[in-house]
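Visitor: got a structure for you, letters missing:
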């Protein structure tokens, strides 16, 4: 049964303020996913020792990866990635629109790739939305529009996941839920799915949305001594099958 997870890794700096790429990779490896969506990765940034975190984690997991820099500061990059052990092809990466009245907000982006699972092509979208509600709403509408989820080539099984910085009561959630189903609501088990803050998770701001072709088997946010400290978010994990 395929397993996918989304994980905001907080540039691999844990709640103990220790930078440890290996620890983040260990969290992921223990969960044995087939597809991994990561947010807040540093690539070649001085603040985290110049390491290419996307490459390092992918190498440790023996997966291929695609990284999209939402932010560039000369040679330093910061952004999101999708890793997988399945045959895959990158379809699109790109920026998300910001709030026109607040141009200094941190840039945000998204990735879209197709992975071949059990002979079928699955569309995977990974994103990390902003912090300002109006900004989030603009970005969610953009993702739901014709350039991304509404694109004519986006047909068949689809999974959208990431850090949306918004709860299930938000306009953002309702916008995306109009396009895809919330995996947590479809899961037959009702395991905890709050992901933030990792030390005492009370907020559901990391989400997974799925198309009707995805049968959700379980959704959970693993909470243990390692996940509690490796990042300020817990990973969110979904097991699924293809309808």
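Guide: Here it is on my side, so go on. All figures in this text were calculated on a predicted structure; none of them were measured in a lab.
Visitor: now do the helix or strand of the chain with the lowest mean pLDDT: everything it contacts.
Guide: Per-element confidence for the chain was summarised using mean pLDDT, DSSP states H and E. The lowest value among helices and strands belongs to strand 64-73, with a mean of 93. Residues from elsewhere that reach strand 64-73 (C-beta atoms under 8 Å, 6 or more residues apart in numbering): 41, 43, 45, 54-55, 57-58, 77-85, 88, 90, 93-95, 106-111, 113, 128. Where C-beta positions appear, they are placed from N, C-alpha and C, glycine not excepted.
Visitor: which SSE is immediately downstream of it?
Guide: Taking DSSP states H and E as the definition, the helix or strand that follows strand 64-73 towards the C-terminus is strand 76-84.
Visitor: would you mind getting the angle between the helix or strand following that next one and strand 64-73?
Guide: With elements assigned by DSSP H and E, the helix or strand that comes after strand 76-84 is strand 88-96. Counting by axes from the mean of the first three to the mean of the last three C-alpha atoms, to 10 degrees, strand 88-96 points 20 degrees away from the direction of strand 64-73.
Visitor: partner strands of strand 88-96, with direction?
Guide: Partner strands for strand 88-96, per DSSP bridges, with pairing direction: strand 108-117 (antiparallel).
Visitor: tilt between the partner strand and strand 76-84?
Guide: 20 degrees.
Visitor: returning to that earlier point: list the buried residues of the least confident helix or strand of the chain.
Guide: Within strand 64-73, the residues that qualify as buried by neighbour count (16 or more other C-beta atoms under 10 Å) are 64, 65, 66, 67, 68, 69, 70.
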